[in-house]
Structures are given as C-alpha cells and as structure tokens.
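Asks: Prediction below, plus the sequence it came from.
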Amino acid sequence: MFEKVLIANRGEVALRIHRACREMGIKTVAVHSEADANAMHVRLADEAVCIGPARPGDSYLNKSAIISAATITGVDAIHPGYGFLSEDADFAEMVEEHGIAFIGPKSEQIRMMGDKLKAREFAKECGLPVIEGSDVLNNVDEARTKANEIGYPVIIKAKAGGGGKGMKIAYNDQEIGTAYMMAKAEAKASFPSDDVYMEKYLQNPRHIEVQILADSYGNVVHLGERDCSIQRQNQKIIEETPSPALNEAQRKEICELARSAAAKIGYISAGTMEFLFEDGKFYFLEMNTRLQVEHPITEAVSGVDIVREQLRIADGAKLGYSQEDIKLHGCAIECRINAEDPETFVPNAGKVTEWHAPGGLGVRVDSEIYSGYKIPPFYDSMIAKLIVHGRTRNGVLMRMNRALEEFVIDGIKTTIPLHQKIMAQPEYIDGIYDIHWLENNIRNFK
Ligand code: MV4
C-alpha cells in the first residue's frame, strides 16, 4: 500500500481523505494556501506545504506547485478530492508522468467524460438511453433547423461544460438565435472550447445518479443511486438515497445499466453516472470522474468506505466483492450547510465563535470547522455536511430535524434554517419534488 499521499484540496474533503489515509496507516501531506494555514486538515497532516496565495488560481489550481510539493515530500500518490483539479485530465497526466499515482481514473477517461458530446456518444454505444440531440452546431441556421427537427423546447449546452454553466433554453423559433449566441458566448468565456450542441429540453425531471466502483481488473459494482433534485442555481442543497421516486424495478434498471456501461468503457476508480428521470424514463446526462460531495449517504447505506476503496484501487488492489455482496440498508439524507444568509444566499464568511456538532446514532458530520476557526472568504461556502442514516425515510426525517436542532454554529449565518424549512414541507416529506421544486417554492416557505 502507498506510504504517503498528498491531498490536493482543502476543507471538509481534505479532512475526509486524511481520515481514510490514517485508518489505512498511510502518511498524509497537506498542501494549502496562505489563507488556510490554520485549517484542521493542515494541523492533522503529517506534513504541510504552503503552495501559494489565497486565490485558488494561485494555489489549489497551481499544478506545478502541487507537483513540486509532491516531489519534495516524496509521496506515492495524489488524491485530488472534488472541484479544483479533480477532473483536469492534464493534471492527472502530469501526475502519472512524474511516477506518482493519481487517485482517480486514467487521464484518458477524465478527458473523454470532460467532452459532454463524446461522453454522450460513448453512453449511447454502451446501451444507455440518451436525450435526443445534435452534434456540434456551427451556426444559428443549423440550430434552428435542428430545433425544428427535435421539437421545442430545446436546450443548448457547451461541449466542454457541465454543472449547468453556458446552458440556454429556447421555447420557440424566436428564442433560438439568442439562445445559440448566448450559449456560445458563455462557453467561450468559461471553457477551453466554445463548441455547443442541442438536446430536447426536459421540463420537469428529477436528477438521479448512480455510484460506481471499478477496479483495474474489470470488476465493477454499483452502490445504488442518489436523488439530487433538491438544488438551486445548479448547487445541490440536499441529497438522499434511495430515491423516493423509484420503484425497485426502476432502481434495478438504472443501477444495472450504469454498472454495465462503466464496465464497457473499462472505467477505473469511483465514478458517478448522472441521469435525468422523467415520466418513468431515464436519460444519461454525464459522468463525473471524481469523488462527489454527497458520497457519504451512499457510504451510510452500503457500509463501503468509498475513499478507502479509491486508495486501494489506485494501488492495484482488487475490489474483493461482487454485486451480490453489496447490500443497501435503509435510507440516508445529506444536508449541505453553507456559510450564507439563509434568505438571500449571500456568503457570510467570518469567525465561528461557537461550534457544537450533533451526534448520536445514525448521525455523521463532515466538517473542518472548530470553535474559533475563521472561515476565509475566498472559497466555496459549504462548511459542513450533515448526514443522517436510518431504517425508514420517516425515521430519517425525524432524525434530521433532531440533528439540525442540536447544531450550534455561532458568529456566522448558515443555511440551517433553510434546511429546517425544507424538512417541514409536505412535498419534501412525501418525496414529491423535481429539480425545479426548491426554486419554485422557496418564497412560500414559512
Ligand atoms: C438538461 C436539463 C433538461 N433537459 N438537459 C444541468 C447541469 C448539467 N449537468 C445538465 N443540466 C440539465 N440538463 C436536458 N436535455 C436540465 C438540466 C438542469 C439540471 C440538471 C440536474 C440538476 C439540476 C439541474 C438544474 C437545472 C437544469
């Protein structure tokens, strides 16, 4: 097994990776910006290297600084976490070229999935259902012709996009020109390529994703699905597993389809296949080639330590179990707690004067925060994940209310009151929500 791993990230995920390493007897190297010198994972790591100023571009996205830190400290592997360089194929390749293991899939797989059109093509070849759509669109006329072929409404997406950036919807011929031009302009500003393509726009889908684990010997398992439909502005707020929208046959169908597609592309490591689900049908959206924020709810119901498995797989170990050995127990929900005003969502960094995390049976808190910690204003506002597990969904809802009530975070505003309101909505309690439900109903929450 690896002796020493560099954690190329910050915040709760850096701590999450440190914990997995520690439990495997692996030494850790933290890299951090000047603003993160006092972070918990920096204190806990065996070694720490400052890689630059606060701005992410100067530190956590600085590939050569991170490779230098890895070389100087003599690590065997780098874990990129999520965000930052986790889906940067060039970085994964650089790591590999330096004789260091990249804890994730091969750079070619990251590169392929980064091209949303290629990913869609591959998904189709692997037997996954995809949304009717186009190839790269070269001009407005092509877009208009294609839209009439597919039928409105349509959505224009950036080939190199993902996460919702650069997507534009057109409901009719009058809107297609602007949608095309705006999608292209946003793609040009945000991504290495300004190529765009079109899909039929699904108006009220749920967002369902399947967790995959695959080793280097062709063994692939799924760990069930997650419903991530509770979101606003492309930021997930709450995730749960299993999805309350699926029956057992639908669950089996989507999980088995995702598992078999991952096997066909020869995928290695942990990954997630994202789908839209509408009117009883699934459509492949994209594949995430990284550890995801919401992985703990899958860990709760499966008992599998996903980060540990990523480390084992990167070291050439076999999964050691097959699909029949995976048993999913009960239900789990994650609330993402952000340092934001719960009404306006304006980020609210500052000093956490008091911190008391809830505990008890079925409650897990993943966070880097401690009493007296000063949240730097340069990064994502998520400060904690509250994950609750139990046998029944109703029991988990009761437990989540209890845990949210126990949480004490003073000195900054957080989104805990928003979570408490969502937990009290009849539609949420009944599991009846799509990807637009939160945005459409939030102003009426009491
Ligand atoms: C869509 C869609 C409806 N129809 N594609 C948003 C993020 C990116 N991964 C894909 N996204 C969407 N693609 C078609 N053909 C709706 C969305 C979408 C969405 C998807 C998942 C979770 C939240 C979302 C919020 C807005 C739009």
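Replies: Nice, thanks for sending it over.
Asks: From now on I want contacts and neighbour counts done on CA atoms only, so please keep to that.
Replies: Fine.
Asks: Give me every residue in the stretch 201-350 of the chain lying close to the ligand.
Replies: Counting by C-alpha under 6 Å from any ligand atom, the positions of the stretch 201-350 of the chain adjacent to the ligand are Tyr201, Leu202, His207, Ser229, Asn234.
Asks: from these, which single one is nearest Glu427?
Replies: Ser229 (12.7 Å; C-alpha to C-alpha).
Asks: Only alpha carbons, please: show stretch 155-169 as PDB.
Replies: Presented in PDB, the C-alpha positions along stretch 155-169 are these (Å, rounded to 0.1, in the frame of the first residue of the first chain):
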ATOM      1  CA  ILE A 155     -31.500  23.300 -24.600                       C
ATOM      2  CA  ILE A 156     -28.200  24.400 -25.900                       C
ATOM      3  CA  LYS A 157     -25.200  23.200 -24.000                       C
ATOM      4  CA  ALA A 158     -21.400  23.700 -24.100                       C
ATOM      5  CA  LYS A 159     -19.500  20.700 -25.200                       C
ATOM      6  CA  ALA A 160     -16.800  21.400 -22.600                       C
ATOM      7  CA  GLY A 161     -19.400  22.500 -20.000                       C
ATOM      8  CA  GLY A 162     -21.200  20.600 -17.200                       C
ATOM      9  CA  GLY A 163     -22.600  21.800 -13.900                       C
ATOM     10  CA  GLY A 164     -25.100  24.000 -15.700                       C
ATOM     11  CA  LYS A 165     -22.800  26.800 -17.000                       C
ATOM     12  CA  GLY A 166     -23.400  28.000 -20.500                       C
ATOM     13  CA  MET A 167     -26.800  26.200 -20.900                       C
ATOM     14  CA  LYS A 168     -29.600  28.100 -22.700                       C
ATOM     15  CA  ILE A 169     -33.200  27.100 -23.300                       C
END
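Asks: rewinding a little: among the residues of the stretch 201-350 of the chain next to the ligand, which are in strands?
Replies: His207, Ser229 (DSSP state E).
Asks: Among the residues of the stretch 201-350 of the chain next to the ligand, which one is most surrounded by other residues?
Replies: Ser229 (25 neighbours; other C-alpha atoms under 10 Å).
Asks: nearest residue to that residue other than its sequence neighbours?
Replies: Ile435 (4.4 Å; C-alpha to C-alpha, 6 or more residues apart in numbering).
Asks: Stretch 231-251: which residues count as buried?
Replies: Gln231, Lys236, Ile237, Ile238, Glu239, Glu240, Thr241, Pro242, Ser243, Ala245, Leu246, Arg251 (16 or more other C-alpha atoms under 10 Å).
Asks: what's in contact with that stretch?
Replies: Residues outside stretch 231-251 that contact it (C-alpha atoms under 8 Å, 6 or more residues apart in numbering): 163-164, 208, 224-230, 294, 297-298, 301, 331-337, 431-432, 435-436, 438-439.
Asks: go on, stretch 352-360?
Replies: Outside stretch 352-360, the residues within contact range by C-alpha under 8 Å, 6+ apart are 365, 369-375, 403-404, 406-412.
Asks: can you pull the alpha-carbon coordinates of stretch 357-366 into PDB?
Replies: Provided in PDB are the C-alpha atoms of stretch 357-366 (Å, rounded to 0.1, in the frame of the first residue of the first chain):
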ATOM      1  CA  ALA A 357     -21.900  19.400  16.000                       C
ATOM      2  CA  PRO A 358     -24.800  17.000  16.600                       C
ATOM      3  CA  GLY A 359     -24.100  13.300  17.300                       C
ATOM      4  CA  GLY A 360     -25.900  10.100  18.300                       C
ATOM      5  CA  LEU A 361     -27.000   7.000  16.400                       C
ATOM      6  CA  GLY A 362     -27.100   7.500  12.600                       C
ATOM      7  CA  VAL A 363     -25.700  11.000  12.600                       C
ATOM      8  CA  ARG A 364     -22.400  11.900  10.800                       C
ATOM      9  CA  VAL A 365     -21.000  15.400  10.400                       C
ATOM     10  CA  ASP A 366     -18.200  16.000   7.900                       C
END
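Asks: can you give me the offset of that stretch from its chain's centre?
Replies: Stretch 357-366 sits 21 Å away from the centroid of its parent chain (C-alpha atoms, centre = their mean, to the nearest Å).
Asks: quick one: buried residues of it?
Replies: Under the neighbour-count criterion of 16+ other C-alpha under 10 Å, stretch 357-366 has Ala357, Pro358, Gly362, Val363, Arg364, Val365, Asp366 buried.
Asks: Go through those residues and name the one nearest the ligand.
Replies: Set against the ligand, the nearest of those by C-alpha to the nearest ligand atom is Asp366 (23.0 Å).
Asks: SS state for the residue of the stretch 301-446 of the chain found nearest the ligand?
Replies: Closest residue of the stretch 301-446 of the chain to the ligand, C-alpha to the nearest ligand atom: Ile435 (5.3 Å). Under DSSP: H, G, I helix; E, B strand; the rest coil, Ile435 falls in the coil class.
Asks: So it is in contact with Ile230, correct?
Replies: Yes - with contacts counted by C-alpha atoms under 8 Å, Ile435 reaches Ile230, the gap being 6.0 Å.
Asks: And these two? Which one has more around it.
Replies: Ile230 (24 against 21).
Asks: Name all residues that make contact with Ala339.
Replies: Here Ala339 is in contact with Pro347, Asn348, Ala349, Ser381, Met382, Ile383, Ile412, Lys413, Thr414, Thr415 (C-alpha under 8 Å, 6+ apart).
Asks: Surely the third one and Gly411 touch.
Replies: Going back to what we said before, that points to Ala349. No - applying C-alpha under 8 Å, one finds Ala349 not in contact with Gly411, separated by 9.4 Å.
Asks: Neighbour count: those two, which is higher?
Replies: Between Ala349 and Gly411, counted using other C-alpha under 10 Å, the more crowded position is Ala349 (21 against 16).
Asks: Show the pLDDT at Ile369.
Replies: Looking at Ile369, its pLDDT stands at 97.
Asks: Next, the residue nearest to it when sequence neighbours are not counted: secondary structure please.
Replies: In space, and not counting its chain neighbours, Ile369 is closest to Ile383: 6.9 Å by C-alpha to C-alpha, 6+ apart. Following three-state DSSP, Ile383 is assigned to strand.
Asks: Now do the phi/psi pair for the residue of the stretch 301-446 of the chain closest to the ligand.
Replies: phi -70, psi -10 (degrees, to the nearest 10).
Asks: Same check on Ala77?
Replies: Dihedral pair for Ala77: phi -150, psi 160, per degrees, to the nearest 10.
Asks: okay, now it: neighbour count?
Replies: Neighbour number of Ala77 under other C-alpha under 10 Å is 24.
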